[in-house]
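Novice: sequence first, then the predicted structure, then my questions.
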Amino acid sequence: MADILASLRSLMASHSPPLDALVVPSEDYHQSEYVSARDKRRAFVSGFSGSAGLALITMDGARLWTDGRYFLQATQELSDQWTLMRMGEDPAVDVWMADNLPEDAAVGIDPWCISIDTAQRWEHGFVKKGQKLVQTSTNLVDEVWKNRPPVELNPVNVQPMEYAGRSVDEKLKDLRQNLAQQTARGIIFTSLDEVAWLYNIRGSDVSYCPVVHAFAIVTLDSAFFYVDKRKISPEVKLHLEGNGIEIREYSDVSSDVKLLASNHLKHVDIKTVGNGTSEAEENDYELVWADPSTCCYALYTKLNFENALLKPSPLALAKALKNPIELEGLKKAHIRDGAAVVQYLVWLDKEMQDNYGASGYFLEKESSKKKNNLGTRKLTELTVSDKLESFRASKEHFRGLSFPTISSVGPNAAIIHYSPHEETCAELDPDSIYLFDSGAQYLDGTTDITRTVHFGKPSAHEKACYTAVLKGHIALGNARFPNGTNGHSLDILARVPLWKYGLDYRHGTGHGIGSYLNVHEGPHLISFRPHARNVPLQASMTVTDEPGYYEDGNFGIRLENVLIIHEADTKFNFGDKGYLSFEHITWAPYQKKLIDLKLLTPEELDWLNSYHSKCKDILAPYLNETQKSWLHTATEPISA
């Protein structure tokens, strides 16, 4: 790591102008949350492997900013050459740079890896001391990364209508109406899931996300797809060109954005515009639309700034509002996924009893064997997560995991986004809490579920904490709220039961989920963070419900289901707003022996029994007799 920093500082010193600081963000050219192996530049320079964070290298120091999910992990992974900066507690990176870098300092960025919003915010903060952003012509990290993974040529696939639910033609028509309303001649798309959703294509360029490294530009009379053409099969070519989409090389996007800005970007085979706008009318439109939170600064610099329409992408909300076929697919995917989770719990329960003398999932007593008196098989966080993946892989339409499985025992469960590695992962312990947060990609939907279990005798404190998390989980899932309510307003519902004891958690409570797309999907979310106010929750959106509690060095607890938002049937309709409610579509039991029943209200107990009854009925057709029997016991009604 020291050699990497020394090499980068040498390049910074020889750069014209010399750089006082170098920014290394987590994101790729598309501002992606998860990136391909060759785009993990921040992980390469810092050693921190979490999915969110930003590295800043100066001539005499190195700092890593990350959020509350990763404080503990970053402390463990960063060397003593790095200083951890805790987002929300320490100064933000732009504030730190403005205050601590010298006057006239030059801050190097790769403009392809920084969004318009970020670059503009930093430039504004630099004005007072004459500091400046310097766009490097190449990425300096790439110059010192000797064994950088190569480009992979993964094929592009068509997402059939039986899963997509809406045609490309319909989506383009709606989009062009949006363009006309905004008097924009065209729009640039850089988010990989938006490009995939708009053109009904999928790929495997990024682990866990079925997306393709590609850009898109859509105008009032044309559409373009920028991709490595070697990935395009005759079938995909037919699909795209049949929808009036011209395929161009990935690197052509930069010059084409410049042509778009000057109104010279033309399709080789211009078609009549579906919404009736003539070419003459289009020429009157000068605006070019780009989402400032996702479009890279490199493309923005090709535009005429006065004609740039910087607004959120219209596809973010359109994609979040699932159509009936997508909703049906998500429900079916979650049923198969729930069956896999139950099969896993049945298997793990037996293994823990056979190999560790655990009392098991149902009985509440100390294990009969000590941890070092092993049976026939050693179970680790990694080997059991591999087993969970194998149960999912046996299910129809399985295409892979939707994120790296969080399989964590005891103290590791307190690391919110912990990921086990073969060399360092812990062995399972019958006397410790086990948390697993996992999900899969199926052709008809994306899943995300978290359950927390104990195979021995949980302490009274563990049970109280688990029950507080469960109460928050139930409170949010049962909420009814008027149209126009945002996720910032609802976040408190999941925290109140924890706050009662002076407990809390450092992550948001819910995120949207894709339809065989990204597991984390906006633009809405349920969170204490201010941007959760930006987009109200609407019927046909998906969102997770996942409160938790984490005690450093001891244990972690999280419970997570995916919900669909529906119109609610309320007795009254104050203000004629209309009301909304949630439908749970995740199916797996909550462990009864971790619940302190004295802390549940009669209403919470009724909900739990009702959910468990549905769980048993819905999953039974997918299980064998042994598994059905186990699930029957796990979901037996609880009496107060």
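Specialist: That came through, no problem.
Novice: residues contacting Val342?
Specialist: Taking Cβ atoms under 8 Å, 6 or more residues apart in numbering as the criterion, Val342 is in contact with 588-589, 619, 623, 627, 630-631, 634. For every residue, glycine as well, the C-beta is placed using N, CA and C.
Novice: inside helices: which ones of those?
Specialist: Among these, the ones falling in helices (DSSP state H) are 619, 627, 630-631, 634.
Novice: domain assignment for this protein?
Specialist: 1-144, 157-267+283-320, 324-367+376-635 (the TED database).
Novice: quickly list what His566 is bridged to.
Specialist: Beta-bridge pairing of His566 under DSSP bridges involves Ser581.
Novice: the closest residue to Gly165 other than its chain neighbours: neighbouring residues, count only.
Specialist: Nearest residue to Gly165, sequence neighbours excluded (Cβ to Cβ, 6 or more residues apart in numbering): Ile325, at 3.2 Å. Using other Cβ atoms under 10 Å, the number of residues around Ile325 comes to 16.
Novice: tell me the secondary structure for Ile325?
Specialist: helix (DSSP: H, G, I helix; E, B strand; the rest coil).
Novice: repeat that for the one 5 residues further on.
Specialist: Following three-state DSSP, the label given to Leu330 is helix.
Novice: measure it to Asn323 for me?
Specialist: Using Cβ to Cβ, to the nearest Å, Leu330 is found at 11 Å from Asn323.
Novice: more neighbours: which of the two?
Specialist: Leu330 (24 against 15).
Novice: ok, the closest residue to the more buried one other than its chain neighbours - contacts?
Specialist: Nearest residue to Leu330, sequence neighbours excluded (Cβ to Cβ, 6+ apart): Gly445, at 3.8 Å. By Cβ under 8 Å, 6+ apart, the contact set of Gly445 is 326, 329-334, 515-516.
Novice: could you redo the last one with a cut-off of 10 Å?
Specialist: 163, 322, 326-337, 397, 402, 513-517, 542, 562, 585 (Cβ atoms under 10 Å, 6 or more residues apart in numbering).
Novice: so what sits opposite it in the bridge?
Specialist: Where Gly445 sits in a bridge, its partners, by DSSP bridges, are Tyr442.
Novice: which residues of the stretch 351-500 of the chain fall in strands?
Specialist: 398-401, 406-409, 433-438, 440-442, 445-446, 449-454, 480-482 (DSSP state E, counting those that start in this stretch).
Novice: a markdown table for these, including mean pLDDT?
Specialist: Shown next, in a markdown table, are the strands of the stretch 351-500 of the chain (pLDDT from 0 to 100):
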| stretch | mean pLDDT |
| --- | --- |
| strand 398-401 | 98 |
| strand 406-409 | 98 |
| strand 433-438 | 98 |
| strand 440-442 | 98 |
| strand 445-446 | 98 |
| strand 449-454 | 98 |
| strand 480-482 | 97 |
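Novice: I'd like those laid out as CSV, including distance to Arg42.
Specialist: Shown next, in CSV, are the strands of the stretch 351-500 of the chain (distance: least, Cβ to Cβ, whole Å):
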stretch, distance to Arg42
strand 398-401, 22
strand 406-409, 20
strand 433-438, 23
strand 440-442, 25
strand 445-446, 25
strand 449-454, 26
strand 480-482, 38
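Novice: so which bits of stretch 521-529 are buried?
Specialist: 521-528 (16 or more other Cβ atoms under 10 Å).
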